[in-house]
Structures are given as structure tokens and as C-alpha cells.
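Chemist: Provided below for reference: sequence and predicted model.
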Amino acid sequence: MKHCFHCKKRVNIGIKPSRNELCPHCRADLKVCFNCRFFNSYSNNQCSEPMAEPVINKDKANFCEYFQFSESTSTPASNNKIKEDPLKDLKRLFTETH
């Protein structure tokens, strides 16, 4: 199941949309890093495909030859969300009583 990163609605599209294809619901570009299965906010250049050229605007259409539409039902924002307080667990470890 493919979803638009922007509106999160389901889109009926092939694995490799053209650079000009837009979401039928919100008109956002579809061939963007945020819709790609290789997008990973923790990887170098936020891409887990080592041969891909760096892309500056992850939400804009690009010419990446490695693009494959993600089959994930989650979006990049929820997939790779950084904790709001990264020290919270560590603080709790030292404040808990056993």
C-alpha cells in the first residue's frame, strides 16, 4: 500500500512514478525522498542507498535513479521521529527506585 508523504492518503501508483506525477489528493510531488523506500533520516544524506546522489529538498521531485516507492504505511515523520527528550530514558534510569 502506497501513501503520499504529505497528505498520508493512499495513492494508486507504480513503483517508479515519473518525476512529474502528483498526488491526486493534495497535488504534492510523488517522486520525492520522503516517499522512497531508501529514505532513512539516520543514514548519510538521509538515504540508505549508497550509490544515490545527495538530494537537498527531500519533499520536492528529483531525478534519483534508485527511487522505489515505499510500501510502508507509516510516513518518514513517524518512521524516523527523534525523541523530544533524548535523555528522558537515561534520567528515568537514575531516578527510579528499586
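Modeler: Nice, I can see it. Note that this is a predicted model, so its numbers are computed, not measured.
Chemist: From here on, just use CA atoms for contacts and neighbour counts.
Modeler: Noted.
Chemist: Show the average pLDDT along stretch 2-20.
Modeler: Averaged across stretch 2-20, the pLDDT comes to 89.
Chemist: Now do the end-to-end distance for that stretch.
Modeler: 17 Å (CA to CA, to the nearest Å).
Chemist: For it, buried residues please.
Modeler: 2-6, 17 (16 or more other CA atoms under 10 Å).
Chemist: Contacts for it, please.
Modeler: With CA atoms under 8 Å, 6 or more residues apart in numbering as the test, stretch 2-20 has contacts from 1, 23-26, 28-31, 34-35, 61-63, 67-73, 75-76.
Chemist: In the protein, where is pLDDT below threshold?
Modeler: Low-confidence segments of the chain (pLDDT under 70): 15, 72-86, 96-98.
Chemist: And the helices in it?
Modeler: 76-79, 88-95 (DSSP state H).
Chemist: what's the last one in contact with?
Modeler: Residues from elsewhere that reach helix 88-95 (CA under 8 Å, 6+ apart): none.
Chemist: at 10 Å instead, please
Modeler: Residues from elsewhere that reach helix 88-95 (CA atoms under 10 Å, 6 or more residues apart in numbering): Leu87.
Chemist: chain center to that helix, what's the gap?
Modeler: 30 Å (CA atoms, centre = their mean, to the nearest Å).
Chemist: List the buried residues in it.
Modeler: Buried residues in helix 88-95 (16+ other CA under 10 Å): none.
Chemist: heads up, I number from 507, so please use that
Modeler: Let's use 507 as the start, then, which means that last one is helix 594-601.
Chemist: got the CA positions of it in PDB?
Modeler: This file holds the C-alpha atoms of helix 594-601, laid out as PDB (Å, rounded to 0.1, in the frame of the first residue of the first chain):
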ATOM      1  CA  LYS A 594      14.400  11.100  29.300                       C
ATOM      2  CA  ASP A 595      15.100   7.300  29.500                       C
ATOM      3  CA  LEU A 596      18.500   8.000  30.900                       C
ATOM      4  CA  LYS A 597      17.200  10.300  33.500                       C
ATOM      5  CA  ARG A 598      14.500   7.800  34.500                       C
ATOM      6  CA  LEU A 599      17.100   5.100  34.900                       C
ATOM      7  CA  PHE A 600      18.900   7.100  37.600                       C
ATOM      8  CA  THR A 601      15.800   8.400  39.300                       C
END
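Chemist: I am finished for the moment; much appreciated.
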